[in-house]
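K.L.:
Provided below for reference: sequence and predicted model.
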Amino acid sequence: MNIKKSLFAMLIITVSFLIMNCSTPKENKTLAESEIPPGHAKIVGEITKIEPVTSSKLKDPCSMAPCIAHVKVSSALYGAAFPSFKKDEIIRIKFLYTLEKTNKELFPDMKEEYPGLEVGQEFTALVAYIESIDETTPKYNVYGYDAD
C-alpha cells in the first residue's frame, strides 16, 4: 500500500512540475526575450521628436542622417545596472544606425536592414545605458530595432 501511495505522490509531483514548467513556443520566446543583458533594457517606445543632423565628422553616418530622437517609453524590461524609466517618460536616444532606412551609402557592408523611424511611430529595441558626464550626449544607444 505504501508503494502505491509513493508512486501516486511521485506522479502528482511530476505532473505538477511539467504543468508549471512547460510552455508553448510563443511563451518560450517571450521568456527568452526577457533575459536582458546587464546595462540594457528592452523597451517599447514612440518617437516624439527627431533632432536635426549636427555632426560634421566625415564618414560618420550621423553627419548624413538624423541619429537622435526623443522617445516616449511605454514599457521596459530591465537588465541589471540599468536605471528604470517612469511610465511614459521621454528620453533622448542615439540610434547608431540612424533613423533613416538603412542603405549601402550609409553602411556599405551592413547585412541587416532597418526601415527607418518617423515621429509618431512605435518600435521595440534593446537600449544600452551609457554613463557619461557630457550632458549633451544621449545616455542611451540603440543599434537595431523592430518597427511596429
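P.N.:
Great, that's in hand.

K.L.:
next SSE after the least confident helix or strand in the chain by mean pLDDT?
P.N.:
Within the chain, no helix or strand scores below helix 25-33, which has a mean of 39 by mean pLDDT, DSSP states H and E. The helix or strand immediately downstream of helix 25-33 is strand 40-50, counting by DSSP states H and E.

K.L.:
Go through whichever helix or strand comes after that next one and flag the buried ones.
P.N.:
As assigned by DSSP H and E, the chain's next helix or strand after strand 40-50 is strand 68-78. Across strand 68-78, burial judged by 16 or more other Cβ atoms under 10 Å covers 68, 69, 70, 71, 72, 73, 76, 78. From N, CA and C alone the C-beta is placed, and that goes for glycine too.

K.L.:
How about stretch 110-124?
P.N.:
Going by 16+ other Cβ under 10 Å, stretch 110-124 has these buried residues: 114, 116, 117, 123.

K.L.:
Check stretch 43-55 too.
P.N.:
43, 44, 45, 46, 47, 50, 53.

K.L.:
Tell me the spatial nearest neighbour of the first one, not counting adjacent residues.
P.N.:
Same thing as residue 43. residue 76 (4.6 Å; Cβ to Cβ, 6 or more residues apart in numbering).

K.L.:
same thing with the second one?
P.N.:
Taking Cβ to Cβ, 6+ apart, and ignoring the residues beside it in sequence, residue 44 has residue 75 as its nearest neighbour in space, at 4.7 Å.
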